[in-house]
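*Asks:* Dropping the sequence and predicted coords here.
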Amino acid sequence: MTRSLAIATNHATYVAFKYPGFDVFFQEAIPILSNSLTAIAPKKLNRVVYRYENEVGLGRDERGELPIHRLFPGIFPNVFTTGGQASGIKVINSSCEQSWEDVGFKGVRGFQANTEDSGVQTVLRITIFGAVEDVTVADLDKAVGSAHQVGESLFEDMISSEFREFIGSSKGEL
């Protein structure tokens, strides 16, 4: 299974398990979601969310610390990486949400990140999202585009050039 559609009386979700890149995802998802939402017939959409989830396997160093700050420096405030009490990261369970407003839309963007030991290695699960609030079904395509843009800009601000090289993609492919 590579795609999923979930519909309820107050919710519609389209998921690509093997993410083909935004342009392909957008071309697939918008017609399906538009038709689904037309059938549900909401007066407005409370929130349109574009969410990107991934898991990154991380090896611990000889002190048991994780190199998260080298890959995602934007996650950690300076209190963890500088000053007299600074030390390496052993575990993370963090989330943040931020309001934004631009080009006639407003909403939130944010991330959730946590680590979990699988026994062999540590997995960093990270979710980056952008959301647009209070739009109509007719504006779904513009809202998804804006939600993607604010989520992608957050991702780009959080990652290091080292991680950019690791994932091997060019800017804009989130």
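*Replies:* Received the coordinates, thanks.
*Asks:* Output the lowest mean pLDDT helix or strand found in the protein.
*Replies:* Lowest on mean pLDDT, DSSP states H and E among the helices and strands of the chain sits helix 78-81, with a mean of 65.
*Asks:* Just give the nearest non-adjacent residue to A6, would you?
*Replies:* Spatial nearest neighbour of A6, excluding adjacent residues (CB to CB, 6 or more residues apart in numbering): T13 at 4.4 Å. In short, each C-beta sits where N, CA and C put it, glycine included.
*Asks:* re the thing from before, partners of whichever helix or strand comes after the least confident helix or strand of the chain in the sheet?
*Replies:* Going down the chain from helix 78-81, the next helix or strand is strand 93-102, by DSSP states H and E. Applying DSSP bridges, strand 93-102 is found paired with strand 105-117 (antiparallel).
*Asks:* Using PDB, list the CA coordinates for the strand it pairs with.
*Replies:* Taking Å, rounded to 0.1, in the frame of the first residue of the first chain, the C-alpha atoms of strand 105-117 are listed here in PDB:
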ATOM      1  CA  PHE A 105      -3.900  33.000   4.900                       C
ATOM      2  CA  LYS A 106      -3.000  32.500   8.500                       C
ATOM      3  CA  GLY A 107      -2.300  29.400  10.600                       C
ATOM      4  CA  VAL A 108       0.400  27.600  12.500                       C
ATOM      5  CA  ARG A 109       3.600  25.600  11.700                       C
ATOM      6  CA  GLY A 110       5.600  23.400  14.000                       C
ATOM      7  CA  PHE A 111       7.400  20.200  14.600                       C
ATOM      8  CA  GLN A 112       7.300  17.200  16.900                       C
ATOM      9  CA  ALA A 113      10.500  15.200  17.500                       C
ATOM     10  CA  ASN A 114      11.200  12.300  19.800                       C
ATOM     11  CA  THR A 115      13.800   9.600  20.100                       C
ATOM     12  CA  GLU A 116      13.200   5.900  20.800                       C
ATOM     13  CA  ASP A 117      15.700   3.200  21.300                       C
END
